[in-house]
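Asks: Here's a sequence, model it:
(one chain, ligands or ions: 1)
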Amino acid sequence: MCGHLQPLALSDPRPQYTMSSPSIGSFPPRSVAVVLGTRPEIIKLAHVIRLLGKAAVVLHTGQHYDRGLSGTFLDAFGLGEPHAYLGVGGETRGQQIGMAVRALDDQLSELRPAAVVVQGDTNTALAGGLAANAAEAILVHVEAGLRSYDRRMPEEHNRVLVDHVGDLLCAPTDVSRKNLLEEGIPESRIRVTGNTIVEAVHELMPDPSERARLLDGHNLTTGGFVLSTFHRPENVDDPARFRTVLGELASLHLPVLLPLHPRSMARAEEHGLGDLLRAIRVIEPIGYREFLGLGAESAFLVSDSGGVQEEVSIYKRSVIVVRRSTERPEVLGTFAELVEPGPGISDIAGRWTADIPGLHQRLGSIPSPYGDGTASARIVREIGDLIVAP
Ligand code: UDP
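Replies: Next up, the predicted model:
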């Protein structure tokens, strides 16, 4: 451990936070390992990494190894190459977690960071949490306290486990703070920071002229199409559910653009759903700027993604969330409606399609529950309060 770092105290009560925060420049180089491995983790940790500057050392597990889901996102935020790629993608959940813990343990033994940052609810986040705990580094969980209370979702287990092993829990909203308190997690470990997705969207949302070019490129008109994504195992691994989802999309009265995740494409082919795919405009996954620009110009979205539920509240569109449950209740009834695969999808879509200008006008006046775009700066300040000597 570097001599100028405070000794770690992993047992409660946690160290008290100082009133005046250290400046970023006072962080020792490579004192914070940032562990990521998937598209949403890159998006939501980009600003934290940038603010940490030389203090950050990025470890990429390789959970998303496809360039379209990883490299292009690192490039979009100008993050450069990670310190290490651990190559754990493409295995089962248990193997992925086990392999990632082992590979991260090797890295953390060598780097000896004071803190390890993980984000969200992926296998990477859980592996990062366990490896940080074993290395006796302070574990920072970005986007802590989300709960679907649906134990059928592997992500629910990941997020609960990371929160309980974490030392600094950065909850995006008061809802997530309350979830943590209800599980007996001490208040001293929790900070409500807002969600870092806000600054990511603000940075990469294309301007109106670029959005007009994007629409032209896809032969679409503003407010005249639906943007969709599907990748959750509960929808795409079950042939009947996936068939229903694609059938519903194909029946909508607006063109549907579906940038399809590679795992969903593989499942559609396995399940023999090619005919239904041909009734929709299926494309490869697209870059973040393009996705945001098209989302903002769409009539509405239909998706099972977590991040999309947050983003729509920032660019003021609505999303039909096709899932059994959501861990983001903050947007339900305003920017999002939750529905299981079935006719509910076309019912809601029909209602919204009947008055798209009215829908957009109504959403335009509703504030996002995810904060003001300062979450990353708050998180970095909180990390500094823990690891930099006053
Ligand atoms: N996204 C993207 N290109 C696409 C599809 C999605 O940039 O073709 C973005 C989307 O805006 C969101 C993130 O990827 O921020 C969501 O990733 P994913 O659905 O894989 O994960 P989840 O948010 O469900 O954890």
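
Asks: How is the residue nearest the centre of the chain assigned, secondary-structure-wise?
Replies: Note on the chain: the residue nearest the mean C-alpha position is P40, at 3.7 Å, using Cα atoms, centre = their mean. For P40, the assignment made with DSSP: H, G, I helix; E, B strand; the rest coil gives helix.

Asks: Could you report the separation of the closest residue to it other than its chain neighbours from I43?
Replies: Using Cβ to Cβ, 6 or more residues apart in numbering and skipping the chain neighbours, the partner closest in space to P40 is G307 (4.8 Å). Bear in mind the C-beta positions are built from the backbone N, C-alpha and C, glycine included. To I43, G307 is 7 Å away according to Cβ to Cβ, to the nearest Å.

Asks: shared neighbours of the two, anything?
Replies: I197 (Cβ atoms under 8 Å, 6 or more residues apart in numbering).

Asks: mind checking pLDDT for S20?
Replies: Listed pLDDT for S20 reads 52.

Asks: Surely V34 is within a strand?
Replies: Yes. With three-state DSSP as the criterion, V34 is part of a strand.

Asks: so it touches L59, yeah?
Replies: Yes. The pair V34 and L59 passes the contact test of Cβ atoms under 8 Å, sitting 7.0 Å apart.

Asks: And the residue of the stretch 1-150 of the chain that's closest to the ligand?
Replies: Going by Cβ to the nearest ligand atom, the ligand is nearest to P40 of the stretch 1-150 of the chain, at 4.1 Å.

Asks: Do I have it right that that residue meets V308?
Replies: No. Using Cβ under 8 Å, P40 is not in contact with V308, being 9.7 Å away.

Asks: got the buried residues for stretch 188-199?
Replies: Of the residues in stretch 188-199, R189, I190, R191, V192, T193, G194, N195, T196, I197, V198, E199 count as buried by neighbour count, 16 or more other Cβ atoms under 10 Å.

Asks: Show only the entries of those residues found in helices.
Replies: Using DSSP state H, the members of these that fall in helices are I197, V198, E199.

Asks: Tell me the spacing between whatever residue of the stretch 101-250 of the chain ends up closest to the ligand and N235.
Replies: Nearest residue of the stretch 101-250 of the chain to the ligand, counting by Cβ to the nearest ligand atom: T229, 4.7 Å away. Look at T229 and N235: by Cβ to Cβ, they are 11 Å apart.

Asks: Spit out the residues that contact the two alike.
Replies: D304.

Asks: show me what contacts A84?
Replies: Counting by Cβ under 8 Å, 6+ apart, A84 touches L59, H60, Q107.

Asks: quick one: which of those is most hemmed in?
Replies: Neighbour counts for these, by other Cβ atoms under 10 Å, peak at H60, which reaches 27 neighbours.
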